[in-house]
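A.B. asks: below is the sequence, then the predicted model.
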Amino acid sequence: MEYPRISIVTVSFNSAQYIEAGIQSILDQNYPALEYIVVDGGSTDGTRAIIDKYRDRITHVIYEPDNGPAEALNKGFKLATGDIMGWLNTDDRLHSRSLFAVAEIFDTLKNVDWMMGFPTWFSAGGSCVNEIHYNRGRPYYFPQYIGDNLHLKFARWSKWRFAMGDFSAIQQESVFWRKSLWDKAGAHLKEEFIAFDLELWTRFFEHAQLYTAQVMVGGFRVHGNQISFNQQLRYKKESQKFIDTFRRKLFEQNFGYTMRTLMARLTKPFYYYETPVLKRIYPQLLNLPPHIVYDFLKQEFTLGDN
Amino acid sequence: MSIAEEYDKSRNIPPAPEMQQSSKFFVGIIFNGNDQDLECTLQSVQRQRTPGLALCIHVFYQEDKKLPPVNSDGNSINISFNSRQDFFQKLVGDLTNADVDYCSVINSGEAFFEGAFDSVNRIFRQYDEIDWLTGIQSFRTPSGYNITLGSTAIRRWSDKIYERNLYKNSGRFIAPASTFWRKRIWSTVSPVLHFVAERDFCEDLWVAMFRSYKLYTCKIYLSSSSNYHKINKQNIRQPNSPALLEDGIWGRVKEFFFINNIPYLRVFYRAESGYARVIRFDHNTQAYFLSEY
């Protein structure tokens, strides 16, 4: 297989505590066609010294002040030339060999324009913990503790389901997309928002399906000092606004939106709890794409059953 | 009270323990003859750079095999090599003589997740009643990708369930690299260990441990296992267990509710099976807690 060029952007600002683990998780994979771009917005805590340590292995380093992560990411993505793109925040990490897995998925499955790996979380100390976080209130029929067999059911989207708000967050650390999709969606992040990732997903959904894979790609480190925690209220408000706008647009474009989503809500428990036959209704109503699964016999990625 | 507050209150999470004392780990690596596999496993051990951990690595291999050079990491990692035909007996002997706190065995080619030893250390320090535990594992493909399969529910074990599973050939197994035990239980376990040459070493080890101790499952990725190809051919024992006969339709229905986490209905299977509780992690307090599911 000829490895496609993968561009990854990391933006940093006073992130000395965790940035090295993040950089190592990318560089130590030794992916042959990696374009790694680091943008630092004026750190004063030793972050730059850590970046400089790896400078010979980083394709571009930008040291200049910015007005937030979205602006810094835009600077990085302007330099990106890869066929596949993604970004990794300084405190998060990629799993070993994940870039090779992403390359193989995009190479094998030509109709996949953007994908997300199996969502994982890291403790502050770096242990990979399997606990799901989801934004919405727990529905009445849900167990108090959500088993990981439900992870992949949560982490499966179509634009319909996204508009319904029935999902856990799309885990940005595990998301990669083709450059062609990035260009179609406007090739920029909206700098005035802190939920700029979610806003980008709404634009992506207008052009392509999001496929979720069984393979572990990246993980979110929960240490309580992230933007999504520090400014949780603002993040949630913005997210809700984007989803509402997206929903209105779908509603205006599709006469059957209300009936479709109502039926989906009613049939959702069958889907989650594997009720024979009935479990197929929910994904069909919402046009959910199949998972990307790994075929151990053929040793390749393929699309699973619906 | 909001749902979130109610949820937080219901968990009763103890504070994270102070981690000032050091802990020693014994890791027995069973070398399969492939140098690259050994390197991959050793690298995963060397990545466990947590202050206060001392690792004692014993590599077991067949005779007439030259090992690749291995770098031990100063004082914190001590590596020794044992070349013996009867290496399982040697492994047991080394385990008995080792001056360590916690033990594990790993097949070369498998890898520990980063932070695995730290998690195990914290859990054992926090909960004295836990004598051995197993994590959830991902499967490592030949290309080195980590694939996730199944749920935590199917990674829970009691002595009865384990015995039944051995006969059923269901494809569920306890991955050695995800399983850690306290050294203090070894004096109880080693006298009842009985090895049969054609059987998997760890199967006999787990049977011996289940006789006296409950196995706790934790919702943490501790290792990635490469033996997915054994899933359907690991069982070599004859089905002569009365436990098999207990699997009626009602038993299967209860198991279905449990595996699929269906509220209220999942309680029956758990109550009957005698599972230990699940060890979980709370991101807010960065501490572990015990939960029924």
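C.D. replies: Received it, and whenever you're ready, just let me know what you need. Numbers count the residues shown, from 1 in each chain, chains lettered A, B, ... in the order given.

A.B. asks: quick one: pLDDT of residue 98?
C.D. replies: Looking at chain A here, since you left the chain open. As predicted, residue A:98 sits at a pLDDT of 96.

A.B. asks: not quite, I wanted chain B
C.D. replies: With respect to pLDDT, residue B:98 scores 85.

A.B. asks: who does the nearest residue to it once chain neighbours are set aside form a beta bridge with?
C.D. replies: Ranked by CB to CB, 6 or more residues apart in numbering or on different chains and with sequence neighbours excluded, the top spatial neighbour of residue B:98 is residue B:26, at 4.6 Å. In short, each C-beta sits where N, CA and C put it, glycine included. Counting by DSSP bridges, residue B:26 is bridged to residue B:56, residue B:103.

A.B. asks: residue B:26 and residue B:100 touch, don't they?
C.D. replies: Yes. Proximity of residue B:26 to residue B:100 meets the contact threshold set by CB atoms under 8 Å, at 4.2 Å.

A.B. asks: quick check: residue B:266 vs residue A:256, distance?
C.D. replies: Per CB to CB, to the nearest Å, residue B:266 is found 36 Å from residue A:256.

A.B. asks: settle it for me: which of those two has more neighbours?
C.D. replies: Neighbour totals were compared for residue B:266 and residue A:256, and residue B:266 leads with 22 against 9 (other CB atoms under 10 Å in any protein chain shown).

A.B. asks: least trustworthy helix or strand in chain B by mean pLDDT?
C.D. replies: helix B:3-11 (a mean of 49; mean pLDDT, DSSP states H and E).

A.B. asks: what residues are up against the closest residue to chain A within the stretch 1-150 of chain B?
C.D. replies: The stretch 1-150 of chain B approaches chain A most closely through residue B:115 (3.5 Å), counting by CB to the nearest CB. If a contact means CB atoms under 8 Å, 6 or more residues apart in numbering or on different chains, then residue B:115 has A:122, A:123, A:125, A:126, A:127, A:128, B:48, B:50 as its contacts.

A.B. asks: residue contacts, the residue nearest to residue B:98?
C.D. replies: Contacts of residue B:26 (CB under 8 Å, 6+ apart): B:56, B:58, B:94, B:95, B:98, B:100, B:102, B:103, B:104, B:183.

A.B. asks: want to throw those into a markdown table with neighbour count?
C.D. replies: Putting those into a markdown table (neighbours: other CB atoms under 10 Å in any protein chain shown) gives the following:
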| residue | neighbour count |
| --- | --- |
| B:56 | 18 |
| B:58 | 21 |
| B:94 | 18 |
| B:95 | 20 |
| B:98 | 17 |
| B:100 | 18 |
| B:102 | 22 |
| B:103 | 22 |
| B:104 | 22 |
| B:183 | 17 |
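
A.B. asks: going by distance to residue A:275, which of these wins?
C.D. replies: Minimum distance to residue A:275 across the contacts of residue B:26 is 39.5 Å, recorded for residue B:104 (CB to CB).

A.B. asks: Three-state assignment for residue A:35, please.
C.D. replies: Secondary structure assignment for residue A:35 (DSSP: H, G, I helix; E, B strand; the rest coil): strand.

A.B. asks: quick one: the host helix or strand of residue B:136 near chain A?
C.D. replies: Using DSSP states H and E, residue B:136 falls within strand B:132-140. Yes. Counting by CB under 8 Å from any CB of the partner chain, chain A is contacted by strand B:132-140 at B:136, B:138, B:139.

A.B. asks: give the residue spans of the chain that score low on pLDDT.
C.D. replies: All of this refers to chain A. Residues of chain A that meet the criterion pLDDT under 70 lie in A:131-152, A:166-168, A:224-230, A:306.

A.B. asks: oops, chain B please
C.D. replies: Applying pLDDT under 70 to chain B flags the ranges B:1-21, B:49-52, B:62-79, B:82-87, B:150, B:167-172, B:195-199, B:227-247.

A.B. asks: how far does the longest strand belonging to chain A sit from its chain's centre?
C.D. replies: For chain A, the longest strand by residue count, based on DSSP state E, is strand A:210-221. Distance of strand A:210-221 from its chain centroid, counting by CA atoms, centre = their mean, to the nearest Å, is 7 Å.

A.B. asks: stretch B:255-269 now?
C.D. replies: Stretch B:255-269 sits 24 Å away from the centroid of its parent chain (CA atoms, centre = their mean).

A.B. asks: in the chain, what residue spans correspond to strands?
C.D. replies: Went with chain A since none was named. A:6-12, A:34-40, A:60-63, A:84-87, A:93-94, A:114-122, A:128-129, A:175-178, A:210-221, A:292-295, A:300-303.

A.B. asks: the chain in question should be chain B.
C.D. replies: Listed in chain order (using DSSP E), the strands of chain B are B:23-30, B:53-61, B:77-83, B:102-107, B:111-112, B:132-140, B:146-147, B:179-182, B:215-225, B:278-282, B:287-291.
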